[in-house]
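> sequence below, structure please.
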Amino acid sequence: MTLFADTAGERLDAFLARQPGNLSRSAAQRLIEEGMVTRNGVPGKKNDRLSVGDRVEYTIPEAKPVDIVPTEMPLDIVYEDDDLLVINKPKGLVVHPAAGHADDTLVNGLLYALGDDLSGINGELRPGIVHRIDKDTSGLLAVAKNDYAHTMLASQLKDHTMARTYEAIVCGVMKEDCGTVDAPIGRHPTDRKKMCVTQRGGRNAVTHWEVVRRYKGYTHIRCKLETGRTHQIRVHFAHLGTPLVGDSLYGTAPIGARHLLHCKTIRLMHPVREEPVAFDCPFPSDMEEWNQCLPTAPTTSLPASCCPP
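Below is the predicted model of the structure:
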């Protein structure tokens, strides 16, 4: 497809993302990285700044056939009706198939349990998946059982009316009782597996946090997100110098450890009944063991909550 730039100074990836055809910015960046986009006949870079009249040509490769095998697995179902499913995802479970991990994901388990009773609006690789959490993050995940429910839930994510509360244990003792990290997050410049706080190309990211309990050398925290960037809580607390316990990517934990992060509550508007519903799940055993075995640090009483509702 051939396009001509109509605005000076616009980034190449942003230009592609605003064209008709529902190409997301991340999808546009992947096309650029794969050499599928040229600017005036030369392979483009995602941060190229366009001039009016620049000729932009791109090719979207044909989709490869997808064969997701339904797989029997135990699912911890917190809630289910005809439109909505809420799962308590265990640590170590990938949410949906991706490069290098095609099988034994939550999607494989959902297809076995529900078959076609899942939304299809998010593509073949992510049936029912409205949002995701990292492989080694445990906790609540909302799943849509039809396209209407998916659209309604996705709009709540977009306008921040779906509230998710995470709890984590971080290295170090937080001095303040609560706070907000307002720091943009983007891809790490040298390690493509990592994200980082960066002003160059970073996207707005805001995390509100409060102390639940202080230990000697560690802090149990509660977080609420205004945004949903990749690895947001992990990146923000590493940026503060207090990485999550067990985080081998952003902290000093050995490879193979799991970061202690758990999505404990979700509050949302039911996608069909249009009434508020809330769900809560207990800590997994590894986080509960940490809470029980760590010596408590001397502390003053904490406020009931200083995170926004």
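> contacts only, for the closest residue to E275 other than its chain neighbours.
Residue nearest to E275 in three dimensions, not counting chain neighbours: M269, with 7.0 Å by Cβ to Cβ, 6 or more residues apart in numbering. From N, CA and C alone the C-beta is placed, and that goes for glycine too. Taking Cβ atoms under 8 Å, 6 or more residues apart in numbering, we find M269 in contact with M152, Q156, T161, M162, E275, P276, V277.
> can you list the domains in this protein?
The chain breaks down by automatic domain parsing into domains covering 2-58, 77-158, 163-268+280-293.
> average model confidence for the longest one?
This points to domain 163-268+280-293. Averaging pLDDT along domain 163-268+280-293 gives 92.
> list phi and psi for the closest residue to N47 other than its chain neighbours.
Using Cβ to Cβ, 6+ apart and skipping residues adjacent in sequence, the residue nearest N47 is R11, 5.7 Å away. Per-residue torsions, R11: phi -70, psi 150 (degrees, to the nearest 10).
> I'd guessed R11 sits against D48; true?
Yes. Judged on Cβ atoms under 8 Å, R11 makes contact with D48 at a distance of 6.9 Å.
> give the contact list for P271.
Going by Cβ under 8 Å, 6+ apart, P271 touches D83, L84, A144, Y148, A149, H150, T151, M152, L153.
> go with 10 Å
83-84, 130, 142, 144-146, 148-156, 277 (Cβ atoms under 10 Å, 6 or more residues apart in numbering).
> repeat for R200
For R200, the contacting residues are N47, P184, G186, P189, by Cβ under 10 Å, 6+ apart.
> which SSE is the first one in?
Following DSSP states H and E, one finds N47 outside all helices and strands.
> what's around it, how many residues?
A count of nearby residues for N47, using other Cβ atoms under 10 Å, gives 13.
> what ranges do the helices span in this structure?
12-17, 25-33, 106-114, 147-158, 232-239, 285-293 (DSSP state H).
> redo those as TSV? Include distance to D6 and mean neighbour count.
What follows is the helices of the chain, written out as TSV (distance: least, Cβ to Cβ, whole Å; neighbours: other Cβ atoms under 10 Å):
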stretch	distance to D6	mean neighbour count
helix 12-17	9	21
helix 25-33	17	17
helix 106-114	39	20
helix 147-158	27	17
helix 232-239	34	24
helix 285-293	52	13
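> distance to V42 added to those, as TSV?
Formatted as TSV, the helices of the chain follow (distance: least, Cβ to Cβ, whole Å):
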stretch	distance to V42
helix 12-17	11
helix 25-33	12
helix 106-114	39
helix 147-158	35
helix 232-239	33
helix 285-293	51
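> which residues touch the closest residue to V170 other than its chain neighbours?
Leaving out its chain neighbours, the residue that sits closest to V170 by Cβ to Cβ, 6+ apart is T242, at 4.3 Å. T242 makes contacts with A168, V170, C171, G172, V173, M174, Y218, T219, I221, H236, G251, as judged by Cβ under 10 Å, 6+ apart.
> distance of the closest residue to E288 other than its chain neighbours relative to H208?
Leaving aside its sequence neighbours, E288 sits nearest to P282 (Cβ to Cβ, 6+ apart; 7.7 Å). Taking Cβ to Cβ, to the nearest Å as the measure, P282 falls 23 Å from H208.
> and these two? which has more neighbours close in?
Neighbours were counted for P282 and for H208 using other Cβ under 10 Å; H208 has more, 18 against 11.
> hang on, the earlier thing: distance check, the residue nearest to E288 against G139.
According to Cβ to Cβ, P282 stands 10 Å off from G139.
> find residues that contact each of those two.
Jointly contacting P282 and G139 under the rule Cβ under 10 Å, 6+ apart are N88, H262, K264.
> by neighbour count, which of those wins?
Within these, H262 tops the neighbour count with 25 neighbours, counted by other Cβ under 10 Å.
> so what's Y166 closest to, chain neighbours aside?
The shortest distance from Y166 to any residue other than its chain neighbours is 4.5 Å, reached at C223 (Cβ to Cβ, 6+ apart).
> surely L31 touches L16?
Yes. If you go by Cβ atoms under 10 Å, L31 and L16 touch, sitting 7.3 Å apart.
> what touches both of those two?
When contacts are counted by Cβ under 10 Å, 6+ apart, L31 and L16 are jointly contacted by L23, V37, G44, K46, Y58.
> pLDDT-wise, what's the bottom of these?
L23 (64).
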